[in-house]
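Peer 1: with the sequence up front, the predicted model follows.
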Amino acid sequence: MDLKKLVANEIHRHVAEHLSEEQVYGLLEKPKHAEHGDIAFPAFSLAKIFRKAPQMIAQDLAEKIDSPAISKTEPVGPYLNFFLNKEVISAEILKEVVTQKDDYGQSDYGKGQTVPIDMSSPNIAKPMSMGHLRSTVIGNALANIVEKVGYKPVKINHLGDWGTQFGKLIVAYKKWGDVEKVEQDPIAELLKLYVQFHEVAEEQPELEDEARAWFKKLEDGDQEATELWTRFRSESLKEFMTVYDMLDIQFDSFNGEAFYNDKMDEVIALLEEKGVLTQDRGATIVDLEKYNLNPALIKKSDGATLYITRDLAAAIYRKRTYDFALSLYAVGNEQSNHFKQLKAVLKEMGYDWADDMHHIPFGLITQGGKKLSTRKGKVILLEEVLNEA
């Protein structure tokens with residue numbers, strides 16, 4: 001039910017000689033505060049026609065409006081505020097739902113334009129925790145909504161499948177891993193090894209250097225490192241699919257962080273070409289002071305790229321690939337600053353389509369008031385929660 005149309009029709013009955021119903025509809029506004037009603041009509045446009053002050057026109061119209069769907073009207077200065085009759089409107093909407101069934105709410109508003117949705121995105125070689133549930137189901141709900149109104153959603157599982165964590169895992173696997181146990185129950189065993197690495201590294205910090213060295217090998221395409229990473233990724237996806245099947249959620253893409261490895265150089269080149277990079281104590285940054293944001297760190301002093309560099313590559317890739325109308329990120333609230341920086345850097349590069357990117361944040365799940373932590377072994381397994389539910 002189009003509530004604005006209902007109000008426009010009621011006003012039009014009294015101003016039909018001067019304004020079309022479409023013109024009235026176009027003038028209607030949603031008040032900023034709920035106490036000012038559900039819909040407001042500004043009477044300025046009728047002032048010249050009626051040769052009256054807008055305040056008087058609003059007053060006159062208020063006395064003429066009579067509809068069971070409108071519980072009351074209230075003139076406030078040049079505005080006429082409409083309060084809808086919730087009981088009547090609710091009954092009408094429920095009738096529409098019952099009659100139209102699955103077609104209720106369907107529209108072609110999106111005109112078939114594409115909307116990529118970044119959602120779920122667990123880290124490979126770790127089990128899916130309760131913390132991944134919100135991004136997964138919120139992203140899926142958004143996909144259902146945008147599809148309902150005529151867009152084409154693209155559900156992207158932006159896997160956490162790159163970074164020093166894999167150097168840590170390779171070190172742990174080579175030092176303490178039992179091949180047979182890992183083959184029998186890959187993710188549970190890999191989680192144990194990951195936790196063990198962090199426990200031992202507190203006493204033996206040199207393990208961190210070994211982990212960085214193995215990740216460097218992985219980045220350079222070392223055969224052993226690549227084979228282990230590929231196996232960890234493959235086993236993780238199998239385990240994730242068990243959970244996704246339970247939730248009845250499918251994806252259109254599993255392009256994770258690793259997918260953008262060969263796209264980073266172009267991003268750096270584009271940033272240089274646009275003249276937005278500066279050096280700060282050996283690191284490469286984009287100054288975002290005019291956006292009231294901290295500088296975006298694009299490259300560390302050792303030349304390593306960061307999350308934001310990958311997300312820049314991902315945003316540019318998605319715009320080129322999908323030519324999106326909107327790009328949505330169902331990601332936790334703790335990443336809000338990251339997404340503000342991401343959009344600001346893209347704006348600095350001259351990409352106005354950055355305004356079509358939207359972060360949909362949500363809060364943290366905590367246990368005993370503390371954040372869940374895979375590295376400390378504090379994790380609530382999503383599959384177990386679903387089974388129990």
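Peer 2: Ah, there it is.
Peer 1: tell me who's in contact with Gln113.
Peer 2: By C-beta atoms under 8 Å, 6 or more residues apart in numbering, Gln113 lies in contact with 151-152, 324-326. Every C-beta, even on glycine, is put in place using the N, C-alpha and C of the backbone.
Peer 1: centroid-nearest residue for the chain?
Peer 2: Nearest to the mean C-alpha position of the chain, by C-alpha atoms, centre = their mean, lies Tyr329 at 1.8 Å.
Peer 1: surely that one is within a strand?
Peer 2: Yes: remark: Tyr329 belongs to a strand, assigned using DSSP: H, G, I helix; E, B strand; the rest coil.
Peer 1: which strand residues bridge it?
Peer 2: Taking DSSP bridges as the rule, Tyr329 bridges to Asp118, His359.
Peer 1: residues contacting it?
Peer 2: By C-beta under 8 Å, 6+ apart, the contact list for Tyr329 reads 117-118, 339, 357-360.
Peer 1: now Lys300. Its backbone dihedrals?
Peer 2: phi -70, psi 170 (degrees, to the nearest 10).
Peer 1: nearest residue to Glu257 other than its sequence neighbours?
Peer 2: Trp162 (3.9 Å; C-beta to C-beta, 6 or more residues apart in numbering).
Peer 1: could you measure from the closest residue to Pro295 other than its chain neighbours over to Glu383?
Peer 2: Nearest residue to Pro295, sequence neighbours excluded (C-beta to C-beta, 6+ apart): Ile285, at 4.1 Å. Ile285 sits 41 Å away from Glu383, going by C-beta to C-beta, to the nearest Å.
Peer 1: next one: Leu228
Peer 2: Here Leu228 is placed at a distance of 24 Å from Glu383 (C-beta to C-beta).
Peer 1: neighbour count winner among those two?
Peer 2: For Leu228 versus Glu383, the count of surrounding residues by other C-beta atoms under 10 Å is larger for Leu228: 20 against 16.
Peer 1: centre of the chain to stretch 144-151, how far?
Peer 2: Relative to its parent chain, stretch 144-151 has a centroid offset of 16 Å by C-alpha atoms, centre = their mean, to the nearest Å.
Peer 1: what comes up buried for it?
Peer 2: Across stretch 144-151, burial judged by 16 or more other C-beta atoms under 10 Å covers 146, 148, 151.
Peer 1: before we move on, what about stretch 181-196?
Peer 2: Residues of stretch 181-196 classed as buried: 182, 186-187, 189-195 (neighbour count, 16+ other C-beta under 10 Å).
Peer 1: with only the CA atoms kept, save that stretch in CSV.
Peer 2: Provided in CSV are the C-alpha atoms of stretch 181-196 (Å, rounded to 0.1, in the frame of the first residue of the first chain):
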residue,chain,number,x,y,z
LYS,A,181,44.1,-36.2,12.9
VAL,A,182,44.0,-33.2,10.6
GLU,A,183,42.6,-35.4,7.8
GLN,A,184,39.9,-36.8,10.1
ASP,A,185,38.7,-33.5,11.6
PRO,A,186,40.5,-30.7,9.7
ILE,A,187,38.9,-27.5,11.2
ALA,A,188,38.9,-28.6,14.8
GLU,A,189,42.5,-29.7,14.6
LEU,A,190,43.6,-26.6,12.8
LEU,A,191,41.9,-24.5,15.4
LYS,A,192,43.8,-26.4,18.2
LEU,A,193,47.1,-25.7,16.3
TYR,A,194,46.2,-22.0,15.8
VAL,A,195,45.5,-21.6,19.6
GLN,A,196,48.7,-23.6,20.4
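Peer 1: quick one: low-confidence parts of the stretch 1-150 of the chain?
Peer 2: For the stretch 1-150 of the chain, no stretch has pLDDT under 70.
Peer 1: quick one: the strands in it?
Peer 2: Applying DSSP state E, counting those that start in this stretch to the stretch 1-150 of the chain gives strands spanning 39-42, 70-76, 79-84, 114-118.
Peer 1: return the most buried member of those strands.
Peer 2: strand 114-118 (a mean of 24; mean count of other C-beta atoms under 10 Å).
Peer 1: so how far is that strand from its chain's centroid?
Peer 2: In terms of C-alpha atoms, centre = their mean, the centre of strand 114-118 is found 9 Å from the chain centre.
Peer 1: on that earlier part again, tell me the SS of the residue nearest to Glu257?
Peer 2: Classified using three-state DSSP, Trp162 is coil.
Peer 1: in stretch 251-258, what counts as buried?
Peer 2: Buried residues in stretch 251-258 (16+ other C-beta under 10 Å): 251, 253-258.
Peer 1: residues making contact with that stretch?
Peer 2: Outside stretch 251-258, the residues that touch it by C-beta under 8 Å, 6+ apart are 120-121, 124, 153-163, 233, 237, 244, 310, 314.
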